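J.: Predicted model and sequence follow; I will ask about them next.
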Amino acid sequence: MTNQTVEGFSLSPQQAHVWTLLEATAPQPYRTCCAWRISGRLEMSLLEVALRETVVRHEILRTAFEYLPGMTVPLQVIRESPQFHLRHHDLQALVENRREEALESLVHEALERHLDLQEGAPLEVDLAAFSATEHLLILTLPALCADGVTLGNLIREISRAYERAGVGGEEGDEPLQYADVAQVFLQILESEEAAAGRDYWRFQAVEPQLAAELPFEFRRAGGRAGGASFQPASLGTEIDTGAAAAGRAMARDLGVSLPALFLAYWQFLLRRLTHRVDLVVATVVDGRRYEGLPEALGLFARSLPVPLPPQTGGRFVDLVLQIERSLEAVRKWQESFSWSLVPKGSGDGSVRYWPFCFEFSHEPEPFAASGLIFTPSDARECWDRFKLKLSLVEGASGLRVRLFYDQGALDRSVVSASRLGFKRCCEAVSDSPKRCSKTSMSWEKPSGSGSCSTSTTPASSTGRSRCSTAFSRHG
C-alpha cells in the first residue's frame, strides 16, 4: 500500500466561514453565478482555448477541498489538470420574447446544479446560442472559490485569453494566486499589526441576534425561525430616478457616501419592523484593500457588522453621520475580524451569521474585445447566510434594488412589504431632501407592515515562499 503525499493550503478566513455553513446546510446554496451577453461572431474553438488557458493561469479554478486524516477542516488542494465543465445550449429556434424566460431557466439550473468540491474542476460554463452573432455565457463557481467581483474579473480574463488565442500575444504578469493570499490573510489575522483591529471588534461585542424577528416569520419545531436549512430567494425592483438623484444630492450635502445614506434607510426600517432599537445590520466589504487584489480571483468578500448604539430617537442626519463613521472603521479593521471575537449570543453556535445585511455595489460596464461586445445580463452570489439582505446595484440606468431572503424563514409577501417600505423611505427624500435630513426619527411600532415615517419635530443632536511579497494597502 503506497502513501500519497498531498500538498494543501489552509482555508482563508472567508472560506473557513463558508465551510461551517456548508456543513450545516443541505443542499448547497452557496455559489456565485453571472451571465454575460456576447454580441458578434464568436469562435467556439477560440473560446474553449481561452477557457482552458484561464483555468491554467488561475489556481483557484483548479482547486479541490480535501480532508487529511485527523483534520476537521479541509485544505485547498490545487490540481494540475486544467478541467472545467462546458455545456452548449442551442436556443436559435426561440422567438425573441422568450429569451428572458430561457435566460432565467438557465441561471436557475446553474444555481441548482450539484457542485463537486473534491473534483478540482469547480468552473461550470454554460453557453447559449440565440443566433450566429448573439450568445449568452453563464459562469458558475462554488462560493469557496469566488465572490461577485471575481466573476467580473474572470469574464475579462477570458476575453483577453480569447484575443491571445486569435491573434497571439503575451500573457502578462503572473496573477496573484488565492492560496497564497489566503496564507497572508491568516498571518495578518494573528499579527501584532492586527492587535488594534482585534481590540476594536472585541470592544464592539456585537452579537448575530439570530433571535431578532420580522413580523410573520415562520416558526419551526424547536423555536427559532429558519432552523438549520437555508433557502435563498429574491425580489427585485428599481428606485425612481428622481429619488436616486435626490439621494445622491443629499449624500453630497452631508459629506457622506451613498452607501451610508441607504444603509441608514435600511437600518431605520429594520429597527422599526423588528422593534429592536439595538438591531445590528451587517454590510458587505469586498476584502480587496491591498494592491493586486482588486483584479484577483477568489473569495474575498464578507459580511461584517456595523456597530451602532441603541437608539430611541434623534435626527436622521445624525444616524447617517454615525453610520458613515462606523463604515470607515469597519473597512479599516476588516482584515482583523474573526468569528472568535464575536459573542455566541442566543443563536446556535454551530451556525453563525448576520441575519440582516446590506450591500452596495456597481454594475460592471460593457466592454469590447476581439470584435465582440460583452454586456452584463445577470449576477447572483451567495457566499454567506442571511435572513434578509438588501442589495443595491448602481448602474448607468440608475439604482436597482434586490431583496434576498431566506424563504424558509420569511414569506414572500413580508419581503415584498419590506421592499415597499424601503422604496417609501427613498421617495420621502426625493420629495424634500433638506427637510428629511433634519427631521427626527420615530422608533415606535409602525402602523402598517413595511411602513416608514419620520417626524418633523426638531430633535437635539446626539505560506509558501512566494507568499513573502508584501502587499501595499490602498489608501
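T.: Received, thanks.
J.: close enough to count as contact, residue 136 and residue 105?
T.: No - in this structure residue 136 lies outside contact range of residue 105 using C-beta atoms under 8 Å: 11.4 Å. Where you see a C-beta, it was placed from the backbone N, CA and C, and this is true even at glycine.
J.: Neighbour count: the two, which is higher?
T.: Neighbours per residue (other C-beta atoms under 10 Å) separate residue 136 from residue 105, with residue 136 holding more: 22 against 14.
J.: The more buried one is in what secondary structure piece?
T.: Element membership for residue 136 (DSSP states H and E) is strand 134-142.
J.: and that strand, average pLDDT?
T.: Over the span of strand 134-142, the pLDDT mean works out to 96.
J.: Could you pull out the helices in the stretch 351-475 of the chain for me?
T.: In the stretch 351-475 of the chain, helices defined by DSSP state H, counting those that start in this stretch lie at 412-431, 433-438, listed in chain order.
J.: ok so, going back, which other residues reach the strand holding residue 136?
T.: When contacts are defined by C-beta atoms under 8 Å, 6 or more residues apart in numbering, strand 134-142 is touched by residues 28, 30-39, 42, 61, 103, 106-107, 110-111, 113, 115, 117, 122-130, 150-151, 154-155, 377.
J.: Mind checking which of those are in strands?
T.: Counting by DSSP state E, the part of the contacts of strand 134-142 found in strands is 31-39, 124-130, 377.
J.: quick one: strands adjacent to the strand holding residue 136?
T.: Partner strands for strand 134-142, per DSSP bridges, with pairing direction: strand 31-39 (antiparallel), strand 124-131 (antiparallel).
J.: Show me what the helix or strand containing residue 270 is packed against.
T.: Assigned by DSSP H and E, residue 270 belongs to helix 258-274. Applying 3 or more C-beta pairs under 8 Å, 6 or more residues apart in numbering; DSSP states H and E, one finds that helix 258-274 makes contact with helix 241-254, strand 281-285, helix 316-332, strand 356-362, strand 388-395, helix 412-431.
J.: okay, these in JSON lines with mean pLDDT and distance to residue 202 next?
T.: Shown next, in JSON lines, are these (pLDDT from 0 to 100; distance: least, C-beta to C-beta, whole Å):
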{"stretch": "helix 241-254", "mean pLDDT": "86", "distance to residue 202": "31"}
{"stretch": "strand 281-285", "mean pLDDT": "96", "distance to residue 202": "17"}
{"stretch": "helix 316-332", "mean pLDDT": "93", "distance to residue 202": "13"}
{"stretch": "strand 356-362", "mean pLDDT": "95", "distance to residue 202": "22"}
{"stretch": "strand 388-395", "mean pLDDT": "92", "distance to residue 202": "26"}
{"stretch": "helix 412-431", "mean pLDDT": "78", "distance to residue 202": "32"}
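J.: In TSV, list those along with mean neighbour count and distance to residue 343.
T.: Output for the helices and strands packed on helix 258-274, formatted as TSV (neighbours: other C-beta atoms under 10 Å; distance: least, C-beta to C-beta, whole Å):
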stretch	mean neighbour count	distance to residue 343
helix 241-254	17	33
strand 281-285	22	15
helix 316-332	19	17
strand 356-362	21	17
strand 388-395	21	22
helix 412-431	19	27
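J.: among those, which is nearest residue 272?
T.: Closest approach to residue 272 among those (C-beta to C-beta): helix 412-431, 8.3 Å.
J.: Burial-wise, tell me which of the strands paired with strand 134-142 comes out on top.
T.: strand 31-39 (a mean of 23; mean count of other C-beta atoms under 10 Å).
J.: for the record, mean pLDDT for the helix or strand following that one?
T.: Using DSSP H and E, the helix or strand that follows strand 31-39 towards the C-terminus is helix 44-57. The average pLDDT for helix 44-57 rounds to 96.
J.: Residues contacting helix 44-57, please?
T.: Against helix 44-57 from outside (C-beta under 8 Å, 6+ apart): 61-62, 82-84, 86, 123, 125, 127, 154, 157-159, 161-162, 164-166, 171, 175.
J.: Type out the PyMOL command that picks the buried ones from these.
T.: Entered in PyMOL, the line below selects the buried ones among those, by 16 or more other C-beta atoms under 10 Å:
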select buried, resi 61+62+82+84+123+125+127+154+157+158+159+161+162+164+165+166+175
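J.: re earlier: the strand holding residue 136 vs helix 44-57, what angle?
T.: If you take axes from the mean of the first three to the mean of the last three C-alpha atoms, to 10 degrees, strand 134-142 sits at 20 degrees to helix 44-57.
J.: Alpha carbons only: can I get strand 134-142 in CSV?
T.: Only the C-alpha atoms of strand 134-142 are listed here, as CSV (Å, rounded to 0.1, in the frame of the first residue of the first chain):
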residue,chain,number,x,y,z
GLU,A,134,-25.8,36.5,-30.2
HIS,A,135,-24.7,34.3,-27.3
LEU,A,136,-25.1,34.1,-23.6
LEU,A,137,-22.2,33.0,-21.4
ILE,A,138,-23.0,31.8,-17.9
LEU,A,139,-20.2,31.2,-15.4
THR,A,140,-20.8,29.4,-12.1
LEU,A,141,-18.3,28.7,-9.2
PRO,A,142,-18.7,27.5,-5.6
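J.: Stretch 93-102: how far from the chain's middle?
T.: On the basis of C-alpha atoms, centre = their mean, to the nearest Å, stretch 93-102 sits 29 Å off its chain's mean C-alpha point.
J.: swap that for stretch 177-194, please
T.: Centre-to-centre, stretch 177-194 and its host chain are 21 Å apart (C-alpha atoms, centre = their mean).
J.: again with stretch 195-203
T.: How far stretch 195-203 lies from its chain's middle: 24 Å, per C-alpha atoms, centre = their mean.
J.: Okay, buried residues for that stretch please.
T.: So, applying 16+ other C-beta under 10 Å, buried residues of stretch 195-203: 197-198, 200-201.
J.: can you list these in a markdown table and add secondary structure and pLDDT?
T.: Output for the buried residues of stretch 195-203, formatted as a markdown table (DSSP: H, G, I helix; E, B strand; the rest coil; pLDDT from 0 to 100):
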| residue | secondary structure | pLDDT |
| --- | --- | --- |
| 197 | helix | 94 |
| 198 | helix | 93 |
| 200 | helix | 94 |
| 201 | helix | 93 |
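J.: how far is the helix holding residue 270 from where the chain is centred?
T.: On the basis of C-alpha atoms, centre = their mean, helix 258-274 is displaced by 18 Å from the centre of the chain it belongs to.
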